[in-house]
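Undergrad: I'll drop the sequence and a predicted model, then ask my questions.
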Amino acid sequence: MDQQALTGGFTAPPQQSAHAFRAALNAMARPGTIEHISGGSAPAPVSPAAATLLLTLADGETPIYLAPGHNNAAMRDWVAFHLGAPLCDRAQAVFALGDWDALLPLSDYPIGTAEYPDRNTTLIVEMPALAARGAMLTGPGIQDKALISLPEIAAFQANHALFPLGLDFYFTAGTQIAALPRSTRVSEGK
Amino acid sequence: MTMMNTENSARQAWMGLLARAPAARLAALIDGAGTMPAFDWLRVPEIGGVMVRGRAGGTGAPFNLGEMTVTRCALRLSGGQVGHGYVQGRDKTHAEQAALVDALMQTDRAADLRAKVLTPLQNTRDSAATTRAAKAAATRVEFFTMVRGED
């Protein structure tokens, strides 16, 4: 097994995962908020924020889909050693990790069912950078409006139209993390 | 492939021995085996539960016997050898020492450690098993039937 695949775990798991979980929760509860999380690191090209998020949220009961570009031998070994999570296709994924273009099309992922709307995929989208500009967000958890740089807008509008079903998104860049739940309305920023 | 299996089974043997060794006895033996090298944590010791499964009679369908507490950790020596420790119970020092011995068994200190740590542990274990078997054997009752006078 690659040496790189064995490093990058938390050094103090209880505290670091609690901090990261709080940040991830806050980001999802207040869409558009940019939080910072760190502590984990995974083989390239995975960002520290995405690695930390996976260490916090994923375990042996959450199948993960690695999109092309993130699906290399070192990363598969890292997932096996640190998370113990099974790797799977899009249709079974609880989490999916990759760049936006590699994760498309979104129709491949489960959006939950009427009885169990939580049985959907949470996509972790790796971004070059995150900034409070671009698309305008309104909806639950947002006082008036929030701005966040999204890779596109139409796909998230279509996803919101599926509510109460749909996909949830985390965006990661470096140590930055932001989230977009299916409940948020997305429109062109002014 | 055969060589790989031999290596694996040897490692399984010492890891199993370390996992079941009494923590105090292991600590005492390690103290007597010279200074331990520095290492980096790959996975700090953590306590969790595992489901122990068994097979009726050793061959039947598997069933869940029960959960047990296990402490595990992984570390790496400066030479690059990776050691894993999985031990029963909640003793983090025990897991650390088991992982350390596992890593050192892959270095040139293997023979020294085998003589000073593993062999004494194996002897303790063997003698405990023999004593127990002897105690059990002493209480064995042999049933046999005399020829019944049915004719």
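TA: Nice, thanks for sending it over.

Undergrad: And residue B:59, how far from chain A?
TA: 28 Å (CB to the nearest CB, to the nearest Å). The C-beta positions use only the backbone N, C-alpha and C, and glycine is treated the same way.

Undergrad: Check the gap between residue B:34 and chain A for me.
TA: With distances taken as CB to the nearest CB, residue B:34 is found 26 Å from chain A.

Undergrad: count of neighbours near that residue?
TA: 12 (other CB atoms under 10 Å in any protein chain shown).

Undergrad: likewise residue A:12?
TA: The tally of other residues near residue A:12 (other CB under 10 Å) stands at 11.

Undergrad: What residues does the residue of chain B found nearest chain A make contact with?
TA: When CB to the nearest CB is the measure, chain B has its nearest residue to chain A at residue B:42, with 4.8 Å between them. If a contact means CB atoms under 8 Å, 6 or more residues apart in numbering or on different chains, then residue B:42 has A:6-7, A:9, A:81, B:74-76, B:82 as its contacts.

Undergrad: mind running it again at 10 Å?
TA: Residues in contact with residue B:42, defined by CB atoms under 10 Å, 6 or more residues apart in numbering or on different chains, are A:3, A:5-9, A:81-82, B:73-76, B:82-84, B:99.

Undergrad: Show me those residues that map onto strands.
TA: When DSSP state E is applied, these are split such that B:73-76, B:82-84 fall in strands.

Undergrad: Which stretches in chain B count as strands?
TA: Going by DSSP E, chain B shows strands at B:39-55, B:62-77, B:82-88.

Undergrad: How about chain A?
TA: Using DSSP E, the strands of chain A run over residues A:35-36, A:64-66, A:95-99, A:122-126, A:135-138, A:146-148, A:168-173, A:176-180, A:185-187.

Undergrad: any idea how far the residue of chain B closest to chain A lies from residue B:83?
TA: Relative to residue B:83, residue B:42 is positioned 9 Å away (criterion: CB to CB, to the nearest Å).

Undergrad: Now the common contact residues for those two.
TA: Common contact partners of residue B:42 and residue B:83 (CB under 10 Å, 6+ apart): B:73-76, B:99.

Undergrad: Now do the contacts for the closest residue in space to residue B:70 that isn't next to it in sequence.
TA: Spatial nearest neighbour of residue B:70, excluding adjacent residues (CB to CB, 6 or more residues apart in numbering or on different chains): residue B:50 at 5.0 Å. Applying CB under 10 Å, 6+ apart to residue B:50 gives the contacts B:67-70, B:72, B:86, B:88.

Undergrad: starting at the chain centroid, how far to the lowest-mean-pLDDT helix or strand in chain B?
TA: Across the helices and strands of chain B, the lowest-confidence element by mean pLDDT, DSSP states H and E is helix B:2-20, at a mean of 83. Between the centre of helix B:2-20 and the centre of its chain there are 10 Å (CA atoms, centre = their mean, to the nearest Å).

Undergrad: same for it, what does it pack against?
TA: When contacts are defined as 3 or more CB pairs under 10 Å, 6 or more residues apart in numbering or on different chains; DSSP states H and E, helix B:2-20 packs onto strand B:62-77, strand B:82-88, helix B:92-104, helix B:110-113, helix B:119-138.

Undergrad: Pick the most deeply packed of those.
TA: Ranked by mean neighbour count under mean count of other CB atoms under 10 Å in any protein chain shown, these are led by helix B:92-104, which reaches a mean of 24.

Undergrad: hmm, that one touching chain A?
TA: No - counting by CB under 10 Å from any CB of the partner chain, chain A is not contacted by helix B:92-104; separation bottoms out at 12.1 Å.

Undergrad: Against chain B, how distant is residue A:173?
TA: Counting by CB to the nearest CB, the gap from residue A:173 to chain B is 27 Å.

Undergrad: partners of that residue in the sheet?
TA: With DSSP bridges as the criterion, the beta-bridge partners of residue A:173 are residue A:176.

Undergrad: Next up, the contacts around it.
TA: A:34, A:47-50, A:125-131, A:149.

Undergrad: Does residue B:100 touch residue B:35 like I think?
TA: No - no contact is recorded between residue B:100 and residue B:35 when judged using CB atoms under 10 Å, the distance being 11.4 Å.

Undergrad: Could you count how many residues lie near residue A:43?
TA: Residue A:43 is surrounded by 20 other residues when neighbours are defined as other CB under 10 Å.
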